[in-house]
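1. what's the 3D shape of this:
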Amino acid sequence: MKSLKIIIFIIFASALILPKFFIAAQSDLADICEIGNIEKNCDILGASQCRQLLEKCDGYYKDEASRISQDLGKTEKEKQTLNGKISSLRNQIKNLEYQIYQSNLMIGDLGVQIKDTESSIDKTSLHIEDIKNKLSSVIIKINEQDYRSLVEIMFSEGLSDFFDNLVAYGFLNSETKTLLGEIKSLKNSLETQKHSLDNNKQDLEDQVSLQTIQKNQSSSLKSQQEYYLKLTEEQYQQQLKEKQDIETAAAKIRSRLFELIGVAQGGIEFGKAVEIAQFVERTTGVRAAFVLSILAQESMRYGQIGANVGQCYLKNTGTGDGIRIQSGANSSRTMNPTRDVPVFLKIIEELNSAKNLVRDPFGTPISCWIPAYSYGKPYGWGGAMGPAQFIPSTWVRYDDRISSITGISADPWDIKDSFLAAGIYLKDLGAESNEFKAAMKYFSGSSWTWSEEQSYGNPVIQRAKQYQKEIDLLSKS
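-> Residues are numbered from 1 along each chain as shown. All right, here's what the predicted structure looks like:
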């Protein structure tokens, strides 16, 4: 009776704690999904409820990452717009500076022309004054002659000289008047030219003043835009940091979720495989049924995915030859000796060190070479590793990405790591938009034959359809 009361009390306490927690999880996931809080709550909750919480938080961080990505996209567009405006203003300022420079050169040239014209006017004025003075002398002389009687002039100069002087004075008077008129006309022309030059110079100076105002306005606007760009860049960097923080937290959540999916070494039953594939789908976006079908095609044996990880051992690192595990018979072209063997040895060495393993590279199953010939010559190699059947040189392009999600060193023979590697690789191959094409690239690269479509691509797609039906049934049950 006492133990029954204790059980009732625990159930009652759980009923009080858990609903409150899950209500809070809906209203304030930002606080609850902090890694420290998750660990505390998972210590209280059972494995199933901890997993529910982690899945909630995984979804929350995905939504947050999507929101931040959208914000980053908007901010990036704002940066591009501001950079475009600043670039346009910079060009505008340069153009105005060039125009001001040209105008100032023209003003300087006009200034020189004005000075030359003023100098010419001054010289002309002096010339006019000189002629006026000479003309005055002539006029005075004529006036003096006017006061003398005709008889005096004739007797003092003689009749011949009288007439010569009379003609000379008349001619001088006429020539002087003509010259004086021409010089006055020249002076008027020079003064008109100077006035025109002054006007042109004033117009250019006004233009330079306007251009300077425009340049200052553009510079001010450019400074303002640069200020906004700085603020936008700070906002962008803040958003980047927030995105990085979210990705870090999401990676820890995914790692914790991955830990909760307990899988023994070797093949796994369908229900557990679905759990892993659904985790891969949430992480990569590649459909769980398709991932399952690829892994089944690669490593299904006796109805278990991941049971067949290869039937050969590597024996000769120089040639890449090996032996068949079952019979011990020699197997040529087991692994490419230059492309894959050194990488394969390094993968095992690093895993042994990181995970305290004693895996023997010459006793680790890998795929055998499937005999293929072209014009009588063999081509292709074996050497694929683990349930996902990655060749070593391909695996090393993905192990860091896997480790960033799981938080531990990626192992091609680990069933969960293999699922995740396949999902990431299939995503890179475009599986979200074209599963058949991604499947064929997974199997044979960028080109494939009709027979390979029949033996690999079509079975993968058909099996994925069946798996999807089974997954749908599991989700309803």
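
2. Assign a three-state SS to the closest residue to P337 other than its chain neighbours, would you?
-> The shortest distance from P337 to any non-neighbouring residue, by C-beta to C-beta, 6 or more residues apart in numbering, is to G320 (3.8 Å). Using the backbone N, CA and C atoms, a C-beta is placed for each residue, glycine as well. At G320 the chain is in coil, as set by DSSP: H, G, I helix; E, B strand; the rest coil.

3. gap between stretch 394-411 and the chain center?
-> Counting by C-alpha atoms, centre = their mean, to the nearest Å, stretch 394-411 is centred 25 Å from the centre of its parent chain.

4. Least confident secondary structure element in the chain?
-> helix 2-27 (a mean of 43; mean pLDDT, DSSP states H and E).

5. what about the residue nearest to P337, neighbour count?
-> 23 (other C-beta atoms under 10 Å).

6. Could you export the strand or helix carrying D43 as CSV, CA atoms only?
-> Here D43 sits within helix 35-44, counting by DSSP states H and E. Extracted C-alpha coordinates of helix 35-44, given in CSV (Å, rounded to 0.1, in the frame of the first residue of the first chain):
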residue,chain,number,x,y,z
ILE,A,35,21.7,23.9,-24.1
GLY,A,36,22.1,24.2,-20.3
ASN,A,37,18.4,24.2,-19.8
ILE,A,38,17.9,21.2,-22.1
GLU,A,39,20.4,19.2,-20.1
LYS,A,40,18.7,20.0,-16.9
ASN,A,41,15.3,19.1,-18.2
CYS,A,42,16.5,15.9,-19.8
ASP,A,43,17.9,14.9,-16.4
ILE,A,44,14.3,15.1,-15.1
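
7. circling back: just confirm the residue nearest to P337 contacts S331, I think it does.
-> No - contact criterion C-beta atoms under 8 Å: G320 and S331 do not qualify, at 10.1 Å.

8. I'd like the average pLDDT over the very next helix or strand once past the helix holding D43.
-> Remark: after helix 35-44, the chain's next helix or strand is helix 47-147, criterion DSSP H and E. Across helix 47-147, the average pLDDT comes to 76.

9. Tell me what angle helix 47-147 forms with helix 35-44.
-> Here helix 47-147 runs at an angle of 170 degrees relative to helix 35-44 (axes from the mean of the first three to the mean of the last three C-alpha atoms, to 10 degrees).

10. packing partners for helix 47-147?
-> Helix 47-147 makes packing contacts with helix 2-27, helix 29-32, helix 35-44, helix 159-260, helix 270-284 when contacts are defined by 3 or more C-beta pairs under 8 Å, 6 or more residues apart in numbering; DSSP states H and E.

11. can we see that at 6 Å?
-> helix 159-260 (3 or more C-beta pairs under 6 Å, 6 or more residues apart in numbering; DSSP states H and E).

12. Would you mark the buried spots in stretch 435-455?
-> 435, 438-443, 448, 453 (16 or more other C-beta atoms under 10 Å).

13. residue nearest the centroid of this structure?
-> E76 (8.9 Å; C-alpha atoms, centre = their mean).

14. Could you measure from that one over to Q297?
-> 41 Å (C-beta to C-beta, to the nearest Å).

15. same question, E349
-> Taking C-beta to C-beta, one finds E349 at 30 Å from Q297.

16. of these two, who's got more company?
-> More neighbours surround Q297 than the other of E349 and Q297, with 20 against 12 (other C-beta under 10 Å).
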